[in-house]
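>>> Provided below are the primary sequence and the corresponding predicted coordinates.
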Amino acid sequence: MQESNILIDKRQIKHMSQMKAAPPKLKAQLKLYKTGIPIRPVINNRTAPVYKLAKHLTKIIDLLHCIITILLPAPSNLQMA
């Protein structure tokens, strides 16, 4: 991460690093309102080593998607087969 200066500013590298990284924990929530009481797995990724980096890259991808959508509108003459 220290070598990538294009997507991540040098000031942000320290913020992106997890100081107390730990593997994500798997917890279970019971769906009491459904018959058979199925289990919903819930994973807390905030302590994962790449959580902050993934969050930052998601912001960049969303911004690029918005820019592309504005600059390249969908053609209206598409024919559905």
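On my side now, so go ahead.
>>> list the buried residues for the helix-or-strand element of the chain with minimal mean pLDDT?
Lowest on mean pLDDT, DSSP states H and E among the helices and strands of the chain sits helix 10-16, with a mean of 75. The neighbour-count check on helix 10-16 (16 or more other Cβ atoms under 10 Å) flags residue 16 as buried. C-beta here means a position set from N, CA and C on the backbone, and glycine is covered the same way.
>>> contact partners for the closest residue to residue 37 other than its chain neighbours?
In space, and not counting its chain neighbours, residue 37 is closest to residue 30: 5.4 Å by Cβ to Cβ, 6 or more residues apart in numbering. Listed by Cβ atoms under 8 Å, 6 or more residues apart in numbering, the contact set of residue 30 reads 37, 38, 39, 40.
>>> what's the closest of those to residue 72?
Lowest distance from residue 72 to the contacts of residue 30 (Cβ to Cβ) belongs to residue 40, with 38.8 Å.
>>> which elements pack onto the helix or strand hosting that closest one?
Assigned by DSSP states H and E, residue 40 belongs to strand 39-44. For strand 39-44, the contact count by 3 or more Cβ pairs under 8 Å, 6 or more residues apart in numbering; DSSP states H and E identifies strand 25-30 as packing neighbours.
>>> run the angle between the strand it packs on and strand 39-44 for me.
Going by axes from the mean of the first three to the mean of the last three Cα atoms, to 10 degrees, strand 25-30 is angled at 150 degrees with respect to strand 39-44.
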